[in-house]
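[1] Fold the following for me, if possible:
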Amino acid sequence: MQKKIYVAGMFDGDTAKKVENAVRAVSGVTSVTASPEKAQVLVDYADDGVLSAINAAISALGIDVLD
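    Just a heads-up that it's a prediction; the model follows:
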């Protein structure tokens with residue numbers, strides 16, 4: 001499955017890289033691309049059961065999930 005997660009507070013490439021690493025560490029995530037220009041994180045994952053863990057990983061970095 002694939003989902004675009006819109007965020008606030010991810011302003012540069014370094015922060016985007018931290019978001020990618022945090023989301024990639026979530027079990028069930030197969031790929032992730034964070035784009036500060038679009039204020040979104042594109043995530044491929046196995047099933048909807050990991051969405052809360054993905055959102056929590058992003059939020060733990062001080063980034064607001066706007067979904």
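[2] quick one: the residue nearest the centre of the chain and M1, what's the gap?
    Closest residue to the average C-alpha location of the chain: V41 at 4.6 Å, with C-alpha atoms, centre = their mean. The gap separating V41 from M1 is 14 Å, by C-beta to C-beta, to the nearest Å. All C-beta atoms are positioned from the backbone trio N, CA, C, and that covers glycine.
[3] burial count for A22?
    Using other C-beta atoms under 10 Å, A22 has 21 other residues around it.
[4] Let me fix that, I meant to ask about S31.
    12.
[5] Same question for V29.
    The burial count for V29: 19, using other C-beta under 10 Å.
[6] One more: Y6?
    12.
[7] Restrict the helix ranked longest in the chain to CA atoms and write it as CSV.
    Longest helix in the chain, counting residues (DSSP state H): helix 13-24. The C-alpha trace of helix 13-24 is given here as CSV (Å, rounded to 0.1, in the frame of the first residue of the first chain):
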residue,chain,number,x,y,z
GLY,A,13,16.9,18.0,3.5
ASP,A,14,18.6,17.1,6.8
THR,A,15,15.2,17.0,8.6
ALA,A,16,13.8,15.0,5.7
LYS,A,17,16.6,12.5,6.0
LYS,A,18,15.9,12.1,9.7
VAL,A,19,12.2,11.5,8.9
GLU,A,20,13.1,8.9,6.2
ASN,A,21,15.4,7.0,8.7
ALA,A,22,12.7,7.1,11.5
VAL,A,23,9.9,5.8,9.2
ARG,A,24,12.2,3.2,7.5
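[8] Tell me which residues of the helix or strand following it come out buried.
    Counting by DSSP states H and E, the next helix or strand C-terminal to helix 13-24 is strand 29-35. Going by neighbour count (16 or more other C-beta atoms under 10 Å), the buried part of strand 29-35 is 29, 32, 34.
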